[in-house]
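Student: heads up, no residue letters with this:
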């Protein structure tokens, strides 16, 4: 093989600091010893660093000269054959050595830590090898040691927070070998009362009307809960039917495909997945299987009921072309007759009758309209 040298350090854009050591590195083939040189951007000649270095060492520790320069290069030459060489990419030499500095990034102002739990103290640093960590409470004048000689490049330390209720704590990070280099965190809180996990269902609410075979967003708020399980129950059932499990509680909603089951007393239950005693049950709501509104029940009589759902009063409009026997009766969801709106003969013409919703409790009802031999039953909902 042909003899060859390749410089691997420094690379283009490297920043070296004057009066410090830097490892010049290389790889080589079929070479015993090499000579090393450097050149600054404003010089035409190469300055010797060292000669006859064992090429198999692949590295040489160079004391960088204190010469500010932004276009330096290294040259490595085969000691006994100067036509075999390599020149590095251009690099920088700085003479202003950065001051060591530490900046605590966690905790921040107003952070709330909980006693007897772990918290990651975090920081950034420049020209710092190791740091010591301390904490102080608002009513203390001295700093209490947390840990010493932590590798600064870790940028984090997991602290076991003491169970001491306090509303004005601080962390101090100090350069282990130079105590004048430090940072002190913003003030934070330590709480010893850990909040109880809690779930509150916010949708559906009392009297909500959901429609079967459509999607509805079940919504909630939660504290100290990771995942939740959702269930529903109808008024005539004793057990809860599963909707979904292990939903991320922080989503705060789940899109539920509402079952096509007519029911006037449904509920949702949200349970902490890993702690079933933490739960909430929604208010009662309705499931309807027909989308309601102003509906022409029978073109023959131009009959309609509106509004539907009913908050106070609803109107039944119908038109009769000939003298007819008309009865209008209201039934509850159990099939019990609870009111009669009309029962008699009506001449031809347009009529409007009122259903007084204030007389009924919230729920699903049925209006049966009988005109001569025709019977029409239409569901409506009372929702005050």
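Tutor: Arrived safely. Note that this is a predicted model, so its numbers are computed, not measured.
Student: Phi and psi next, for residue 317.
Tutor: According to degrees, to the nearest 10, the main-chain angles of residue 317 amount to phi -110, psi 130.
Student: Specify the beta-bridge partners of it.
Tutor: Legend: beta-bridge partners of residue 317 under DSSP bridges are residue 304, residue 352.
Student: any idea of the pLDDT on it?
Tutor: Residue 317 is assigned a pLDDT of 83 by the prediction.
Student: again with residue 347
Tutor: The score at residue 347 is 85. That number is its pLDDT.
Student: Likewise for residue 338?
Tutor: According to the model, residue 338 scores 88 on pLDDT.
Student: mean confidence score for stretch 66-81?
Tutor: Computed over stretch 66-81, the mean pLDDT rounds to 93.
Student: Low-confidence bits of this protein, can you list those?
Tutor: Applying pLDDT under 70 to the chain flags residues 97, 194, 290-303, 334.
Student: residue nearest the centroid of it?
Tutor: With the centre of the chain defined as its mean C-alpha position, the nearest residue by CA atoms, centre = their mean is residue 250, 6.6 Å away.
Student: For the closest residue to that one other than its chain neighbours, what is the enclosing helix or strand?
Tutor: In space, residue 250 comes closest to residue 222 once its chain neighbours are excluded; the distance is 7.8 Å by CB to CB, 6 or more residues apart in numbering. The C-beta positions use only the backbone N, C-alpha and C, and glycine is treated the same way. If you go by DSSP states H and E, residue 222 is part of strand 215-223.
Student: returning to that earlier point: shouldn't the residue nearest to residue 250 be in contact with residue 248?
Tutor: No - with contact defined as CB atoms under 8 Å, residue 222 and residue 248 do not form a contacting pair (10.2 Å).
Student: ok, these two, which is more surrounded?
Tutor: Looking at residue 222 and residue 248 with other CB atoms under 10 Å, you find the greater number of neighbours at residue 222, namely 21 against 11.
Student: residues contacting that one?
Tutor: For residue 222, the contact set (CB atoms under 8 Å, 6 or more residues apart in numbering) comprises 197, 198, 199, 200, 228, 249, 250, 252.
Student: Mind checking which of those residues are buried?
Tutor: Among those, those that count as buried by neighbour count (16 or more other CB atoms under 10 Å) are 197, 199, 228, 249.
Student: Return the subset of those residues lying in strands.
Tutor: Where the buried ones among the contacts of residue 222 overlap with strands, as defined by DSSP state E, the overlap consists of 199, 228.
Student: Take the buried ones among the contacts of residue 222 and write them to CSV, including distance to residue 52.
Tutor: What follows is the buried ones among the contacts of residue 222, written out as CSV (distance: CB to CB, whole Å):
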residue, distance to residue 52
197, 73
199, 77
228, 74
249, 70
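Student: Look up how far residue 2 lies from residue 26.
Tutor: From residue 26 over to residue 2 the distance is 16 Å, taken as CB to CB, to the nearest Å.
Student: out of those two, which sits in the busier spot?
Tutor: More neighbours sit around residue 26 than around the other of residue 26 and residue 2, counting by other CB under 10 Å; the figures are 22 against 6.
Student: Enumerate the beta-bridge partners assigned to the more buried one.
Tutor: On DSSP bridges, the residues paired with residue 26 through beta bridges are residue 7.
Student: Contact partners for it?
Tutor: The neighbours of residue 26, taking CB under 8 Å, 6+ apart as the test, are 5, 6, 7, 8, 9, 34, 55, 58, 59, 76, 86.
Student: filter the residues you listed to the buried ones?
Tutor: By 16+ other CB under 10 Å, the contacts of residue 26 give 5, 7, 34, 55, 76, 86 as buried.
Student: how about the residue of the chain most remote from its centre, phi and psi?
Tutor: With CA atoms, centre = their mean as the measure, the chain has its most outlying C-alpha, relative to the mean C-alpha position, at residue 323: 67.7 Å. Geometry field for residue 323 lists phi and psi as phi -50, psi 130, criterion degrees, to the nearest 10.
Student: Let me know the distance separating it from residue 351.
Tutor: Using CB to CB, one obtains 13 Å as the distance from residue 323 to residue 351.
Student: same question, residue 332
Tutor: 25 Å.
Student: Repeat that for residue 247.
Tutor: Counting by CB to CB, the gap from residue 247 to residue 351 is 51 Å.
Student: So those two - more neighbours on which side?
Tutor: Between residue 247 and residue 351, counted using other CB under 10 Å, residue 247 has the larger neighbour count: 19 against 15.
Student: I'd like the secondary structure assignment at that one, please.
Tutor: The three-state label for residue 247, taken from DSSP: H, G, I helix; E, B strand; the rest coil, comes out as strand.
Student: which residues does the closest residue to residue 56 other than its chain neighbours contact?
Tutor: Beyond its immediate neighbours in the sequence, the residue positioned closest to residue 56 (CB to CB, 6+ apart) is residue 28, lying 7.8 Å away. For residue 28, the contacting residues are 3, 4, 5, 6, 34, 55, 56, 58, by CB under 8 Å, 6+ apart.
Student: Among those residues, name the ones in strands.
Tutor: Using DSSP E, the members of these that fall in strands are 4, 5, 6, 34.
Student: so can I have CSV of these showing distance to residue 289?
Tutor: What follows is the ones in strands among the contacts of residue 28, written out as CSV (distance: CB to CB, whole Å):
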residue, distance to residue 289
4, 83
5, 84
6, 78
34, 88
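Student: Out of those residues, which comes closest to residue 18?
Tutor: Using CB to CB, residue 34 comes nearest to residue 18 of the ones in strands among the contacts of residue 28, at 23.9 Å.
Student: my read: the closest one touches residue 74, true?
Tutor: No - contact between residue 34 and residue 74 fails when scored by CB under 8 Å: they sit 11.0 Å apart.
Student: circling back to that earlier point, OK, contacts around the residue farthest from the centre of the chain?
Tutor: Applying CB under 8 Å, 6+ apart as the definition, the contact partners of residue 323 turn out to be 345, 346, 347, 348.
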